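> this one's sequence-less:
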């Protein structure tokens, strides 16, 4: 079945460091891929998405490219801030559009 | 505009009891989904409803049921509660049920089963 595997945390970085959170997926058909973020005490919010191969999603300085050949959707940011501290979830939406599959989440802490 | 609203935000039940969780989607959204998030894990799909019809069901026992009303709000019901049902229950809405549609999540109902 469809599934998402993402890099385990927790991840601790200094402010202005480069961030990569790895995400790979297994899917039949043509899924859409998403990154959601959960700030402390808040619900999940969409960070970015890509709906077909080679699409790049971007938002708030974060980027991820839908790589069909490597079945990956790695999240990157060139310079993290303290306010980026949160839990990040990689997710795919299956070809039927009925169900999202989430990874286990990666906790990021950015220290000044 | 109001986001997805869920009630109650927190509740405590004992084993064997029944619980009803409620969700109001974003205005104009016709699809509602329910997810269970156990501490330290990603959300797990329970149900999706679109235009009041069940469109998908995850790998959860029959103790879990849901419905969507004509105004697109939704209820999740869990019978015969077990300790393992303790989790954050998330409701999410989307405008369509298509593959590209993103989910908009509420802040969840945290259920503790004692």
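Arrived safely. On a predicted model such as this, the values are computed, not experimentally measured, just so you know.
> tell me which element the residue nearest to the spatial centre of chain B is part of?
Nearest residue to the geometric centre of chain B (CA atoms, centre = their mean): residue B:34, 3.0 Å. Per DSSP states H and E, residue B:34 falls inside strand B:31-37.
> Within the sheet, what are the partner strands of that strand, with directions?
strand B:44-50 (antiparallel), strand B:87-94 (antiparallel) (DSSP bridges).
> so which strand or helix has residue B:23?
Element membership for residue B:23 (DSSP H and E) is strand B:19-24.
> Chain A contacts on chain B?
With CB under 8 Å from any CB of the partner chain as the criterion, chain B meets chain A at residues B:4, B:33, B:35, B:40-45, B:48, B:55-56, B:58, B:90, B:92, B:96-108. All C-beta spots, glycine's among them, are computed from the backbone N, C-alpha and C.
> what about the strands in chain B?
With DSSP state E as the criterion, chain B has strands at B:5-7, B:10-13, B:19-24, B:31-37, B:44-50, B:53-57, B:64-68, B:74-78, B:87-94, B:104-105, B:109-113.
> Same question for chain A.
Taking DSSP E as the criterion, chain A carries its strands at A:3-6, A:11-14, A:19-21, A:23-26, A:32-38, A:44-50, A:56-59, A:62-65, A:75-77, A:86-93, A:100-102, A:106-111.
> Please give the centre-to-centre distance between the longest one and its chain.
Yep, that's strand A:86-93 we're talking about. 5 Å (CA atoms, centre = their mean, to the nearest Å).
> Just list what it packs against, helices and strands only.
The contact analysis (3 or more CB pairs under 8 Å, 6 or more residues apart in numbering or on different chains; DSSP states H and E) places strand A:86-93 against strand A:3-6, strand A:23-26, strand A:32-38, strand A:100-102, strand A:106-111.
> and the angle from that strand to strand B:31-37?
130 degrees (axes from the mean of the first three to the mean of the last three CA atoms, to 10 degrees).
> Any idea what residue A:102 is bridged to?
Where residue A:102 sits in a bridge, its partners, by DSSP bridges, are residue A:91.
> So it is in contact with residue A:88, correct?
No. Checked against CB atoms under 8 Å, the pair residue A:102 and residue A:88 is beyond contact range at 10.8 Å.
> neighbours around residue B:72, how many?
21 (other CB atoms under 10 Å in any protein chain shown).
> Give me the pLDDT value at residue A:73.
pLDDT recorded at residue A:73 is 97.
> what residues are up against it?
A:23-25, A:33, A:35, A:50, A:64-67, A:90 (CB atoms under 8 Å, 6 or more residues apart in numbering or on different chains).
> can you list those in a markdown table and add neighbour count and distance to residue A:7?
As requested, the contacts of residue A:73 are exported to a markdown table (neighbours: other CB atoms under 10 Å in any protein chain shown; distance: CB to CB, whole Å):
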| residue | neighbour count | distance to residue A:7 |
| --- | --- | --- |
| A:23 | 24 | 7 |
| A:24 | 17 | 9 |
| A:25 | 22 | 13 |
| A:33 | 27 | 15 |
| A:35 | 25 | 12 |
| A:50 | 21 | 18 |
| A:64 | 26 | 13 |
| A:65 | 17 | 16 |
| A:66 | 20 | 17 |
| A:67 | 17 | 15 |
| A:90 | 30 | 9 |
